[in-house]
Structures are given as structure tokens and as C-alpha cells.
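**Student:** Fold the stuff below for me.
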Amino acid sequence: MPAFDAFHDFRMDGHSAIVTGGAQNIGAGISRTLCGAGARVMIADLDGARASATAAEIALETGGDCRGMACDVTKATDIDAVVAAAVAAFGGLSTLVNNVGWGDRQPDPTAIAEDTFIQSYKLNTVSAYRMSMACLPHLLKADNASITNSGSFSSAVPAYDILPYATAKAALNQMMVSLAHLLNKKVRVNSVLIGTVMTAGYADAGILPEMQQRMLHPDSLTGRPGEPQDVANAMLWLCSRAGSWISGQTINVHGGGGVVRLFGQ
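**Tutor:** I've put the predicted structure just below:
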């Protein structure tokens, strides 16, 4: 009699996935973990060269099928192209991870231009909707199809320093739960609310070194900032059969964080 495999349902063999913003940081961790679990993965990233390089590294490391291509998720033509390429390469799609997201530090609310909110909404919310709709015809044909979004803890607490980004991510939460109900019994839809994960992206967003140092000791129940693998593990759970009874949920992955000013004055 074969031994019981407690990790069987976490395997992604037979699944094919698109991970947006998967060339670095959290996205690269998600791509690596899904591919390592057996999924065939297409990394879609604004930086096409980096997407291809990361995909090659992941394929070498995991022995799996990981590919990368350029994709500006704010452009419908780019979205259609990456979906078509993934379907052609993999023969279908079962898994979408809307990971891409961005927001500069904006400490003074009186100085935030209206267009900043609009552009943040396009990148952090509308792009996830467009990608989901482009993938939907293929997801509807797949077994255990899922859409999982990289949300933000800042969408659920006062966001002192990143108001446009947090507002757009809050809209993503509403879109997620609505889509989950609209696609009930067909495609599972969930979001992971991510807390402070130390990556190179913080410096690019204007988070100064002294602010990053304060973030190393967050007000959380675990007493540490997150790592990309913390998020990737949650994503694997939600995308795999292990999460097949979960839909319409926001899963908090933030170390038990509280309502705090993330970056300070």
C-alpha cells in the first residue's frame, strides 16, 4: 500500500500559469515556486530581457518549463500577446497570478496629482481585470482554474505614505470578491494581502535607507519583515488543489501586522 503523501495536493503538475511582474522580487519567488511544484510558467514583465533571464534561471534550477516575455500590463495588445504565447506554448492556461503592482511614496496628500490616482488604478487594478478577462476563455476549460492577486496590507489599513497605491489595491479587493461570485463554480478568485517584504523595489519607490532600517523591526506578531518565499508559499496553496475549497477570500500574509505608519515621517 503506497505511503500517504501529505504534499500531493500542493503539486502543480499539469498546470500552466502566467505570473505578471514575475521577473524579480516577490514575482520571481512566485514563479520559481509554481514551476518547482510542476507548473509550466510564463513570466510576463515590463522588462522582457529580465523576464527571459529569470525564466532561464528558474528552468535550470527546477528542471521545469519556465519562459519569459515582455508585457506592459496597461496595454491590451501586450496582454493579448502574452496570453496567446502562453496558450501556444503550454496548450492552455489554468492559473493566473496578477502579481504586478507599483506605487511611489507620496507623504503629502495635498501634492498628489489627480493623474497619479488614475495611473495607479490602471496599473494596480485595471490591468488585473484585463489580464483576467483575456485568460478567462482558457481558464474556463481548465481543471482547478484560479486567479490569484497580489494585494497589499496597505489596502486594509490607513495608508499614510502610499495613498494612490493603497486606494487602487483596495479597489482590487472589491474586484476580486465580485469576480469570485460572478465566476462561481467555474474559476476560483482570491487575493493575498502582502505586508512588508524587503526587496530591492523599496529603494526604487523612494523608501530611503533609514526608513528601510525601521521596517526591519515591524509592528507585527512575528517580529520580522517578510521574504518573497513567504508570499510564494501562500500563492502555491491558493493556486494548487490544496486550495481548491477557497474562493472569494483575502488571505493576510503580513506577519500579523497591525495598523501602523509603514514608513514614518
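**Student:** now the strands for this structure?
**Tutor:** 16-20, 40-45, 66-70, 95-98, 146-152, 188-194, 249-253 (DSSP state E).
**Student:** Just send these back as a markdown table, with distance to residue 120 too.
**Tutor:** All C-beta spots, glycine's among them, are computed from the backbone N, C-alpha and C. Shown next, in a markdown table, are those (distance: least, CB to CB, whole Å):
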| stretch | distance to residue 120 |
| --- | --- |
| strand 16-20 | 16 |
| strand 40-45 | 19 |
| strand 66-70 | 22 |
| strand 95-98 | 15 |
| strand 146-152 | 11 |
| strand 188-194 | 16 |
| strand 249-253 | 19 |
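**Student:** and those strands as TSV, adding mean pLDDT, distance to residue 165 and mean neighbour count?
**Tutor:** Converted to TSV, the strands of the chain look like this (pLDDT from 0 to 100; distance: least, CB to CB, whole Å; neighbours: other CB atoms under 10 Å):
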stretch	mean pLDDT	distance to residue 165	mean neighbour count
strand 16-20	98	16	28
strand 40-45	98	19	30
strand 66-70	98	23	22
strand 95-98	98	15	28
strand 146-152	97	7	27
strand 188-194	97	12	26
strand 249-253	95	17	18
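**Student:** so which of the ones you listed gets nearest residue 58?
**Tutor:** strand 66-70 (4.2 Å; CB to CB).
**Student:** Could you list the paired strands of that closest one along with their orientation?
**Tutor:** strand 40-45 (parallel) (DSSP bridges).
**Student:** and the angle from the strand it pairs with to strand 16-20?
**Tutor:** Interaxial angle, strand 40-45 versus strand 16-20 (axes from the mean of the first three to the mean of the last three CA atoms, to 10 degrees): 20 degrees.
**Student:** how about the CA coordinates for strand 40-45, as PDB?
**Tutor:** Only the C-alpha atoms of strand 40-45 are listed here, as PDB (Å, rounded to 0.1, in the frame of the first residue of the first chain):
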ATOM      1  CA  ARG A  40       4.600  25.400 -16.600                       C
ATOM      2  CA  VAL A  41       5.100  29.200 -16.100                       C
ATOM      3  CA  MET A  42       5.100  32.200 -18.400                       C
ATOM      4  CA  ILE A  43       6.700  35.300 -16.700                       C
ATOM      5  CA  ALA A  44       5.100  38.500 -18.100                       C
ATOM      6  CA  ASP A  45       7.100  41.500 -17.200                       C
END
